[in-house]
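Participant: I would like the atomic coordinates for the input below:
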Amino acid sequence: MNAQEMHTDSAGELRELYRELILDHARSPRHFGKLPHATHSAEGINPLCGDKLKLYLDVDDARNIRSACFEGSGCAISVASASLLTDTVIGLSEEEALAWFTAVTTRLTHSDPAEQISSLDIGKLKALEGVREFPSRVKCATLAWHALRSALQQRPTPVSTE
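Facilitator: Numbering: from 1, shown residues only. Predicted coordinates:
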């Protein structure tokens, strides 16, 4: 096997690993349900796909996210993205969570890596990058992240991907 074949094979294995991660979070979402003592919340709607979610955050006086949960329904990508989001933001400050919003949404909406403005290592969230190949699915993957920003900014109206 030459170097090109090895690279292609490992890229395919990586895509399969990411696909499995998405399916795992879609089938068994983490932090799913209503957060009884939420201090911040936001609704998100993707009318094109039918995704609907509500994100709940418990933010302490120091502006750190103590807990995050979501409820709603949607496609596998939308649910997996919300699940990955809640895993990511628990324990972050509001400022750090907004930096993650920028990093993830930029990576998902820009096809040119040179345009990606964040230096954050998004780790397992790279699993969502496959949606760039399907522009209509990008809105599914970014819905929860837009709800995060809306919740942190305490905007009263639901966010929409349209």
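Participant: pop out the phi and psi values for H37.
Facilitator: phi -110, psi 40 (degrees, to the nearest 10).
Participant: name the nearest residue to it, sequence neighbours excluded.
Facilitator: Of all residues not flanking H37 in the chain, D58 sits nearest, at 5.9 Å (CB to CB, 6 or more residues apart in numbering). Using the backbone N, CA and C atoms, a C-beta is placed for each residue, glycine as well.
Participant: sec struct for the one you found, please.
Facilitator: For D58, the assignment made with DSSP: H, G, I helix; E, B strand; the rest coil gives strand.
Participant: contacting residues around it?
Facilitator: Taking CB atoms under 8 Å, 6 or more residues apart in numbering, we find D58 in contact with 35, 37-40, 65-68.
Participant: try it again with 7 Å
Facilitator: Counting by CB atoms under 7 Å, 6 or more residues apart in numbering, D58 makes contact with 35, 37-39, 66-67.
Participant: can you pull out the helices in the chain?
Facilitator: 3-27, 76-89, 94-109, 135-152 (DSSP state H).
Participant: can I get those in JSON lines including distance to T161?
Facilitator: Listed next are the helices of the chain as JSON lines, based on distance: least, CB to CB, whole Å:
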{"stretch": "helix 3-27", "distance to T161": "18"}
{"stretch": "helix 76-89", "distance to T161": "10"}
{"stretch": "helix 94-109", "distance to T161": "11"}
{"stretch": "helix 135-152", "distance to T161": "4"}
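Participant: filter the contacts of D58 down to the buried ones.
Facilitator: 35, 38-39, 67 (16 or more other CB atoms under 10 Å).
Participant: can you list the weak-confidence ranges in the protein?
Facilitator: Within the chain, the segments meeting pLDDT under 70 span 1-11, 14, 111-122.
Participant: among the helices of the chain, which comes closest to A127?
Facilitator: helix 3-27 (3.7 Å; CB to CB).
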